[in-house]
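Engineer: can't give you the sequence, but here's the structure:
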């Protein structure tokens with residue numbers, strides 16, 4: 001019930017925001033933490049995938065503010081070295097709602113037919129996990145416990161910054177890519193479950209990510225740059 005209420009509140013917020021926005025984007029992103037050492041392979045899988053939607057409100061000719069909502073799937077599988085060889089340590093899978101707020105600044109637009117633009121972006125994420133399955137293993141590789149309920153709604157906070165590259169396809173739509181660096185200031189439920197049985201991996205707070213997708217302008221005066229160049 002709490003999850004339904006949260007989802008309804010988020011949906012109403014986005015509905016009211018989209019009414020005043022001038023750009024709506026279908027977004028797909030991924031994130032992957034930096035390992036604590038490139039010489040160790042104890043973290044075999046640690047990746048998040050997040051499809052969603054973003055609405056952007058222009059605040060001038062170059063600056064815009066965007067609000068995003070996504071559904072994130074994350075998987076973290078770790079291993080440990082024992083006298084008997086390498087055995088699993090934990091296998092954690094999580095699902096969460098990902099709320100984003102970000103600022104975008106366009107630095108320049110290429111004087112070419114495609115009229116692509118380059119800029120920078122900074123933003124913050126709030127993750128709201130609603131399901132985390134954490135399977136732990138003993139040193140002999142046998143299963144210990146399956147943790148699905150403890151603090152399952154503990155939220156996390158992350159900051160991200162990166163570049164933004166966009167290319168208009170026509171008057172009302174185009175695509176964009178955003179390579180990003182991510183810093184997790186507060187670990188959420190899924191992050192903490194993956195820390196079980198080992199010392200804190202502080203460098204896992206740093207990660208890299210990529211977001212991209214198709215945007216559509218709801219109000220776009222002027223001609224399509226691609227069509228205009230062809231005339």
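Structural biologist: Sure, I can see it. All of these numbers come straight from a predicted model, not from anything done at the bench.

Engineer: my read: residue 174 touches residue 164, true?
Structural biologist: No. Residue 174 is beyond contact range of residue 164, at 12.0 Å (criterion: Cβ atoms under 8 Å). Any C-beta I mention is one placed from the backbone N, CA and C, and that applies to glycine too.

Engineer: In this model residue 139 seems to touch residue 88, though I could be wrong.
Structural biologist: No. Using Cβ under 8 Å, residue 88 is not in contact with residue 139; the gap is 10.2 Å.

Engineer: Name the residues contacting each of the two.
Structural biologist: Residues touching both residue 88 and residue 139 by Cβ atoms under 8 Å, 6 or more residues apart in numbering: residue 80.

Engineer: By mean pLDDT, flag the weakest helix or strand of this structure.
Structural biologist: helix 225-230 (a mean of 41; mean pLDDT, DSSP states H and E).

Engineer: Could I get the full set of strands for this structure?
Structural biologist: 23-33, 43-58, 63-82, 85-109, 117-137, 143-147, 156-168, 173-186, 206-217 (DSSP state E).

Engineer: Which of the ones you listed has the lowest mean pLDDT?
Structural biologist: Ranked by mean pLDDT, the strands of the chain end with strand 143-147 at the bottom, a mean of 70.

Engineer: can you pull the contacts of residue 182?
Structural biologist: 31, 125, 158, 159, 160, 206, 207, 208, 209.

Engineer: again with residue 173
Structural biologist: 214, 215, 216, 217 are the contacts of residue 173 under Cβ under 8 Å, 6+ apart.

Engineer: Between residue 88 and residue 139, which is the more surrounded one?
Structural biologist: Under the neighbour definition other Cβ atoms under 10 Å, residue 88 and residue 139 were set side by side, and residue 88 has more, 17 against 13.

Engineer: What separation do you get for the spatially closest residue to that one that is not a sequence neighbour and residue 194?
Structural biologist: Nearest residue to residue 88, sequence neighbours excluded (Cβ to Cβ, 6 or more residues apart in numbering): residue 137, at 4.4 Å. Here the criterion is Cβ to Cβ, to the nearest Å. By it, residue 137 lies 13 Å from residue 194.

Engineer: Mind listing the shared neighbours of the two?
Structural biologist: residue 90.

Engineer: Neighbour count: the two, which is higher?
Structural biologist: residue 194 (28 against 19).

Engineer: Do you know the pLDDT at the more buried one?
Structural biologist: 80.

Engineer: Please apply the same query to residue 61.
Structural biologist: pLDDT, residue 61: 83.

Engineer: Counting neighbours, what do you get for it?
Structural biologist: Based on other Cβ under 10 Å, the number of other residues close to residue 61 is 7.

Engineer: Over to residue 110?
Structural biologist: 11.

Engineer: so what's it closest to, chain neighbours aside?
Structural biologist: Nearest to residue 110 is residue 116, by Cβ to Cβ, 6+ apart, at 4.9 Å.
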